[in-house]
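Student: sequence plus predicted model, see below.
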Amino acid sequence: MSGQIGVPAERVGGLARVTGAYQYVGDIRLADVLHVKLVTLPCAHARIRSVDPSAAERVPGVRLVLTAANLPQPMPRFGPQFQDRPVLAVDETKYHGEPVAAVAADTEDAAEEGARLVRVDYLELPHVVSVAAALAPDAPLVQDPALRPGDPRARTNVLREHRFGWGEIAGVSSDLVVEGTYTFPMVTHFAIEPHGFMAAPDGDGVVIWSSIQHPYWLQKIMAQILRLPLARVRVIAPDPGGAFGGKQMAKFEPLVAFMALRTGRPVRLILTLEETFQAVRRNSAEIRVRTGFRSDGAITFREIDVNYLLGAYADIADRTVSKGSYSSNGPYRVPAARIVARGILSHTTPSCAFRGFGTPQPNWAVESNMNEAARELGIDPVELRLRNLARRGEAFIPGDTPVDGEWEQTVRRAAELIGWGKPLPAGCGRGIAVGIKSGPTTGLSYSTVRLLADGSAIVSAGTSDMGQGSRTLFAQITAEELGVPIDRIAIVMGDTAVVPYDQQTSASRSTVLMGNAVIGACREIQTKVRAMAARIHGISETAIVVEHGMVQLPDGPVPITAILKPGLGSLGGEVIGNGESRKEAQPGHVLGGSAAFYEFNCTAVEVEVDEGTGEVVVARYVTVSDVGKAINPLQVRGQDEGAAIQGLGHTLMEHYIFDESGRIKNLGAIDYRIPTSMDLPLDLQSDVIENADGPGPYGAKGMSEGALLCVAAAVAAAVRDATGAVIRDLPLTPERVWRALLDRSQPEKTARRYKR
Amino acid sequence: MTEPGGAVHIELTVNGRQRVLEASPHQSLLTLLRDDLGLTGTKSCCLVGECGACTVSLNGRVVDSCLVLAAEADGAELVTIEGLAADGSLIPLQRAFLEKGASQCGYCTPGQVMAARDLLKRIRHPTEVEIQEGMGGNLCRCGCYYQIVEAVLAAADLADR
């Protein structure tokens, strides 16, 4: 059935969402379940002197008070890069919200009462919650050096330093050098579904329920921690209710598993929204950028120095540091580049992946630097970008995947849609920026498609559909390849006992990697159907073509179903196809592999600034992404608009604020504001560039992160265009903008013009 | 746990069905629905009345069920997301949410649909701004607000046919 690709098919699984029938983790009720509450301390950093569970244990209904002392010794630790996160705090708590103990009880009330009564004798210790404090010579160490054997930085708070670059900067001659230092705030994912974790003993194994993006990775680490074979660890991962990277890696799954095994009963821990602030966040960052230009605008060199502030445990944050900084020079042709990025530990919520994966932070600085340079050079910001954009096939990051799109098309489209260059009223301004993000560097996805006797199909695909709509895409692909109507296709995900392996749902990979696996599985079915047709008609297979759900026989086409019934015979059965999609690691590559594709976006905005209050109103907003092929334009639009609005959050309003004990002051929905329907651009237009030049099905690229990358730089440039105010710190709150308006009279100091 | 003062006897109508329950004095309507009645379509998130995920209709007005005590709902007429397509056919709003792509992860969707349904009862043909203001208390972190507005506009038109 052709015509299934490039159409706005309705969301598969949407019906259960609009009726409230879909069961997210917290909606699943397990019989005889125990409810878990965490015991935490009201400060960032403390020495635990003793934990006394006796009062808690006397609360009726409390079945278990788990402390570090009753876990295996040494304390099991886990993490995707470093085995540093303990199941419960050992000796010290290292961030506000780190659990010291956990209470399981028959009711939530009893668990809460028990948690309140666990007596923890502790001593508050000095903490670091900023880059400057963490790097101070006398800073308290966040991690025990014993956890970092052989690491020369073990006695510092620098977890790792990454250096990238090419060319020789020394001796490069430039007409203009522009430099500046920028900060990016600490923000949280704020998925509307708070993270949920359940576990139950299962014969001689365990079942874990988690709203996790990477069920197979979780299965692996649970098997390691519990010393069980993979086959005895079953991970059930219902679709996450929003994840954005925050649900990639294990958080409290090991804790609930130990509690389930200890009590012999199912246990359930559903975090409060406040606890999710203490579980996941994006790295904040301080970024220094220095770029040389010729007077015609050509970039001569660029230096980028990023200090990312990580939390108390690494989670996947070091990878966000290396991967995000690696491509931080952006989509430009730069003869010489030097990038230094550090991941710095602090007594804060462990930072992790968050849409953009370490890219939005340096993008904010580099793109702002480009906009400042455009002013200094007297070159239009659109023109400056077009002059420096790398063109298709160029190895703009030497040794990595060359440019895989017509990126200048994207920039021109965005400029055209915003009406770049047209006059604006006073108090209004325009800004533009571009963003690029590397796709996955490795990948492995399997899919099994079963074409059933009645011509319906079951697709097993281990992606987590957290809102990006993968179920719909896989159904469209199957419909296109096998001719099965979408309403006769079931997509099965989220159960490691049932669905074959998928490496992970991250880096906007699933359309490309799992999509190709689904196509592979469908094509195996096509091959088997072709053999059936040859057998039934007594002709050679070479005389038959199976595509788009049709079997092309010498005397004309018939649908696959016409072959299926006689082909399967009286016993019925099904035709099974398996697909596999791999992106192998490249041992010599500094990131372990080259980019599978690039997400490229251009964002252009028009703002109006209230000079009296500093309020920024985004009057018009244009976002254009190079997606290769929009398999489902309705969903593509949803991803691009959603990314834009999420980006406006860190641009205009979101940031953690800490108190003197290192606690998050604005914990929860009242004091931490995310964009609502009343904070939207007055007008938003999203568009795509489609050249079918991606590595995914029908030329698709991954596309769910691109539109978030450069929001901040575009908006800040528009604020400057409107008011002349230069702001290098996010978010652009009314107070910050208002202060910057007052400072306008000061001469600008950071941009320097000189020859050398 | 034994509560001081003991349990509260509650009789209410939920989605047209009479229910008789015992609740704790401090229990919220949200947990009564989710935990005691198994109506998990009403979602739990912020518990301070800021996100709108737990929006239900109480005596014809939408409320954040996390902020209402179960005891306060005694004698009330309640409609939850499960009550909208009770006969198996979607109401126009639900249909429009699907057609316009107004539900991504879907976790906020039941609350969005309940809030939009209330809005359309009050304003038959709302403007975009009226929808944005009327639903300002329903957060969507996936950010499909524009598609939600389009869905509400489309549902308003559908209701006329």
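Tutor: Received it, and whenever you're ready, just let me know what you need. Numbering: from 1, shown residues only, chains lettered A, B, ... in the order given.
Student: can you tell me the closest non-neighbouring residue to the closest residue to chain B within chain A?
Tutor: Nearest residue of chain A to chain B, counting by C-beta to the nearest C-beta: residue A:20, 2.0 Å away. Bear in mind the C-beta positions are built from the backbone N, C-alpha and C, glycine included. Nearest residue to residue A:20, sequence neighbours excluded (C-beta to C-beta, 6 or more residues apart in numbering or on different chains): residue B:41, at 2.0 Å.
Student: residues near that neighbour, how many?
Tutor: 27 (other C-beta atoms under 10 Å in any protein chain shown).
Student: likewise residue A:605?
Tutor: Using other C-beta under 10 Å, residue A:605 has 31 neighbouring residues.
Student: so what's the closest residue to chain A within chain B scoring on pLDDT?
Tutor: Proximity of chain B to chain A (C-beta to the nearest C-beta) peaks at residue B:41, 2.0 Å away. Looking at residue B:41, its pLDDT reads 98.
Student: all helices of chain B, in order?
Tutor: With helices called from DSSP state H, chain B shows them at B:29-31, B:92-100, B:109-122, B:128-134, B:145-160.
Student: closest to residue A:535 out of these?
Tutor: helix B:92-100 (42.0 Å; C-beta to C-beta).
Student: contact partners of that closest one?
Tutor: Outside helix B:92-100, the residues that touch it by C-beta atoms under 8 Å, 6 or more residues apart in numbering or on different chains are A:10-11, A:14-15, A:18-19, A:634, B:84-85, B:90, B:102-103, B:109, B:112-113, B:116-117, B:120, B:147-148, B:150-152, B:154-155, B:158-159.
Student: can you give me the mean pLDDT across that helix?
Tutor: Helix B:92-100 comes out at a mean pLDDT of 97.
Student: tell me how far it lies from the chain's centre.
Tutor: Here helix B:92-100 shows a centroid-to-chain-centroid distance of 16 Å under the convention C-alpha atoms, centre = their mean, to the nearest Å.
Student: now do that helix and helix B:109-122, the angle between them.
Tutor: Orientation check (axes from the mean of the first three to the mean of the last three C-alpha atoms, to 10 degrees): helix B:92-100 against helix B:109-122 gives 120 degrees.
Student: my guess is the residue of chain A closest to chain B meets residue B:40, correct?
Tutor: Yes: counting by C-beta atoms under 8 Å, residue A:20 touches residue B:40, with 7.4 Å between them.
Student: which of these two has more neighbours?
Tutor: Set residue A:20 next to residue B:40 and count neighbours by other C-beta under 10 Å: residue A:20 wins out with 26 against 23.
Student: tell me who's in contact with that one.
Tutor: Taking C-beta under 8 Å, 6+ apart as the test, what residue A:20 contacts is B:39, B:40, B:41, B:42, B:80, B:81, B:82, B:109, B:110.
Student: near chain B, which residues of the stretch 501-650 of chain A are found?
Tutor: A:634, A:635, A:637, A:638, A:641, A:642, A:643, A:644, A:645, A:646 (C-beta under 8 Å from any C-beta of the partner chain).
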